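Participant: coordinates only, sequence not included:
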């Protein structure tokens, strides 16, 4: 195939291949699906497909996510449906035979066309499938038109809304949103062999809030002779001129290489409504090397005052920015691996994280000099004006809350022992210590009583003995 021969000749990297496919879809749009890449994560797209005509899915708009592996195109992408559809489970990877037989010459376009084609015929007994009747699926198709699924950061929700409006606008006139997927199966082979447009691979970094255009950035941007300080100042001015409801940054006076920030917890998760403060420190090699990001607010997912090694920072590229990194961090909070798998994360249940989200709104963390604290408080007031209240969740029982408190204390105590700090801070006691203290008091009282009884008994015997002799 022409596509495969050109790819083999040019030895495209994963990012280059992903961008080529994206540009090809943009230049050759299809009425049956729409894709938009995430500016803050080049390995992820949002998409929507239209249900096939003549089936119970006809007229439906089904959203989802495409996740690209680092070895793409030599490994297949993952497709994760987001809209309830009655055929595939949501927020779980969709897997079918074509992905098992994946070849580097195939593309995401092919997978999305297959997704549309397979919805009516996919087996009910597969791990990623659901068993619903046609009436239920028809009702879900109608429901899918009303509004897109809501999840993730404000910036992500904007992209999903944009895709939804695009799909509604491309619906055939007079059909009430019913799609017309003519010859889908017959066109699969043709679409597989449609080459991408030749061109220079660029990264168009666009603001998710105010359509900020930083222009076309070549891959060798790291060689531009701008100073590190100028780059940082440009990013800061961009964030200031295009404010976001999801985040706020303020730079320290006299130190351009350090910012204070706060992000808002992603909606639809246990972090929703939380305000999480942190610190950004720019490395010597920035922007060729990633910044250092750490949290200051306890959140139940990532450790505080510890450098975060998220996927975006691990795969850092010079054309990315702090805004992109912070938006990616918001999206990763609900799915970031637990403490058993990552050094920078902790393992808590959703109720504890919800409680920490509520607590995070009460006051900003205390950190550093009065000047730094003033910035943190200013950021906190701004985020309070933007973040909605934390949705209330009830615990299963009062005993569960006690167990969670014991679990948290046990983890903290274990962490201290692990780092050689086995002492317990004054004024902090757990449930076990309380019981131990109560038991100790009872033992002391029992011993005093027993000793007193022995003395009294012995005295009585002596008194009786001397009385008898007298």
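Facilitator: Nice, I can see it. The shown structure was predicted, so the numbers you read here are calculated from the model rather than taken from an experiment.
Participant: I'd like to know which helix or strand in the protein has the lowest mean pLDDT.
Facilitator: Taking mean pLDDT, DSSP states H and E as the measure, the chain has strand 203-206 as its least confident helix or strand, at a mean of 30.
Participant: okay, the residue lying closest to residue 367 once chain neighbours are set aside: pLDDT?
Facilitator: For residue 367, the nearest residue in space outside its immediate sequence neighbours is residue 296; the separation is 5.6 Å by CB to CB, 6 or more residues apart in numbering. From N, CA and C alone the C-beta is placed, and that goes for glycine too. In the predicted model, residue 296 carries a pLDDT score of 95.
Participant: same thing with residue 348?
Facilitator: With respect to pLDDT, residue 348 scores 89.
Participant: and it, how far is that from residue 306?
Facilitator: If you measure residue 348 against residue 306 using CB to CB, to the nearest Å, the figure is 15 Å.
Participant: mind listing what's buried along stretch 346-359?
Facilitator: Of the residues in stretch 346-359, those with enough neighbours to count as buried (16 or more other CB atoms under 10 Å) are 346, 348, 351-357.
Participant: ok, so of these, who is nearest residue 451?
Facilitator: Within those, proximity to residue 451 (CB to CB) peaks at residue 352, which comes in at 46.7 Å.
Participant: I'd assumed residue 300 was in contact with the closest one.
Facilitator: Yes: proximity of residue 352 to residue 300 meets the contact threshold set by CB atoms under 8 Å, at 5.4 Å.
Participant: so which strand or helix has the nearest residue to residue 252 once chain neighbours are set aside?
Facilitator: Setting aside the residues directly before and after it, residue 252 is nearest to residue 258 in space (CB to CB, 6+ apart), at 5.0 Å. Per DSSP states H and E: residue 258 is located in strand 255-264.
Participant: which helices and strands sit right next to that strand?
Facilitator: In terms of contacts (3 or more CB pairs under 8 Å, 6 or more residues apart in numbering; DSSP states H and E), strand 255-264 is packed against helix 228-241, strand 247-252, strand 275-281, helix 322-332, helix 370-386.
Participant: if we go to 10 Å?
Facilitator: Counting contacts by 3 or more CB pairs under 10 Å, 6 or more residues apart in numbering; DSSP states H and E, strand 255-264 packs against helix 228-241, strand 247-252, strand 275-281, strand 292-295, helix 322-332, helix 370-386.
Participant: the first one vs strand 247-252, what angle?
Facilitator: For helix 228-241 against strand 247-252, the angle between stretch directions is 140 degrees (axes from the mean of the first three to the mean of the last three CA atoms, to 10 degrees).
Participant: and helix 228-241, what does it pack against?
Facilitator: In this structure, helix 228-241 packs against strand 213-217, strand 247-252, strand 255-264, helix 322-332, with contacts taken as 3+ CB pairs under 10 Å, 6+ apart.
Participant: kindly reformat the ones you listed as a markdown table containing mean neighbour count and mean pLDDT.
Facilitator: Supplementary listing: the helices and strands packed on helix 228-241 in a markdown table, determined by neighbours: other CB atoms under 10 Å; pLDDT from 0 to 100:
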| stretch | mean neighbour count | mean pLDDT |
| --- | --- | --- |
| strand 213-217 | 12 | 33 |
| strand 247-252 | 21 | 93 |
| strand 255-264 | 21 | 91 |
| helix 322-332 | 23 | 91 |
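Participant: and the ones you listed as CSV, adding distance to residue 71?
Facilitator: Listed next are the helices and strands packed on helix 228-241 as CSV, based on distance: least, CB to CB, whole Å:
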stretch, distance to residue 71
strand 213-217, 25
strand 247-252, 31
strand 255-264, 30
helix 322-332, 20
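Participant: so which of the ones you listed gets nearest residue 122?
Facilitator: Where the helices and strands packed on helix 228-241 are weighed against each other on CB to CB, the nearest is helix 322-332, at 28.1 Å.
Participant: quick one: that closest one to strand 275-281, angle?
Facilitator: Using the same axes, to 10 degrees, helix 322-332 lies at 140 degrees relative to strand 275-281.
Participant: give me the domain ranges for the protein.
Facilitator: Per the record, the chain has its domains at 2-201, 220-386, by automatic domain parsing.
Participant: can you redo the ones you listed as a markdown table with distance to residue 457?
Facilitator: A markdown table is the format used below for the domains of the chain (distance: least, CB to CB, whole Å):
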| stretch | distance to residue 457 |
| --- | --- |
| domain 2-201 | 74 |
| domain 220-386 | 55 |
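Participant: going by mean pLDDT, which of the ones you listed comes out lowest?
Facilitator: Least confidently modelled of the domains of the chain is domain 2-201, at a mean of 80 by mean pLDDT.
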